[in-house]
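Colleague: curious how this folds, go ahead:
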Amino acid sequence: MNRLIIKKIDKTGSVPNRRAQSKSFMMATLSELLQIPENEIEFTIGEKGKPYLKDRNDFFFNISDSGDYWVFAYAEKEIGVDVEFIRPRNIDGIINRYFPKEEQDYVNSFSEEKRLKAFISLWTCKEAYLKWRGAGLSGGLDKWPIIIENSGISVKNHEYDAVYFKQFDFDANYKLTVCSSEKDFSEEIRFDFL
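Modeller: Below is the predicted model:
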């Protein structure tokens, strides 16, 4: 089953570098979940740059951060996660440059006041899927169009086994999407506020 841990980031802390803070959170979380000291955690890097635990094919993880939150997703099968702070931005340039026509049509089908949330919903799906593939954003934002319908979320041109999506609205100003090889998603989110 897929599980999530969300930490609120202390922006006043002693770690000025967000990347270092993210690594610190990741190591502490892995240490806690695996019940081993941080210095004993070993990684291997996938062919597209995604980190995996060395000699473990039963524990997969992925991280994301945006705004005030850091998210750690983990499961027994491959997983990708993205969280985004919903803030005003010029989405037209991104849509026109990186989104295939069916995704452009999806976002543009919404009224002006709902377009940003539709864009963020689609963006988090795209990023979670690319991270699930192990590629991140360099994996090609336009190669695998995401289809969001009332019946669920799917990926066009997806050549692997089944992939599943779940979106969470844990905060009115954020969208969180998990993409996984596992169908079952825990409804519980563990919140660790630092």
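Colleague: flag every buried residue along the longest strand seen in the chain.
Modeller: Scanning the chain for the strand with the most residues, using DSSP state E, yields strand 185-193. Going by neighbour count (16 or more other C-beta atoms under 10 Å), the buried part of strand 185-193 is residue 185. From N, CA and C alone the C-beta is placed, and that goes for glycine too.
Colleague: could I get that strand in PDB with only the CA atoms?
Modeller: Only the C-alpha atoms of strand 185-193 are listed here, as PDB (Å, rounded to 0.1, in the frame of the first residue of the first chain):
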ATOM      1  CA  PHE A 185      -3.600   4.100  -1.600                       C
ATOM      2  CA  SER A 186      -3.800   4.800   2.100                       C
ATOM      3  CA  GLU A 187      -6.200   7.500   3.000                       C
ATOM      4  CA  GLU A 188      -4.200   8.400   6.000                       C
ATOM      5  CA  ILE A 189      -1.500  10.900   5.700                       C
ATOM      6  CA  ARG A 190       1.100  11.300   8.500                       C
ATOM      7  CA  PHE A 191       1.700  14.900   9.200                       C
ATOM      8  CA  ASP A 192       5.000  15.700  11.000                       C
ATOM      9  CA  PHE A 193       5.200  19.400  11.800                       C
END
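Colleague: how far is it from where the chain is centred?
Modeller: 14 Å (C-alpha atoms, centre = their mean, to the nearest Å).
Colleague: which helix or strand in this protein has the lowest average pLDDT?
Modeller: strand 185-193 (a mean of 84; mean pLDDT, DSSP states H and E).
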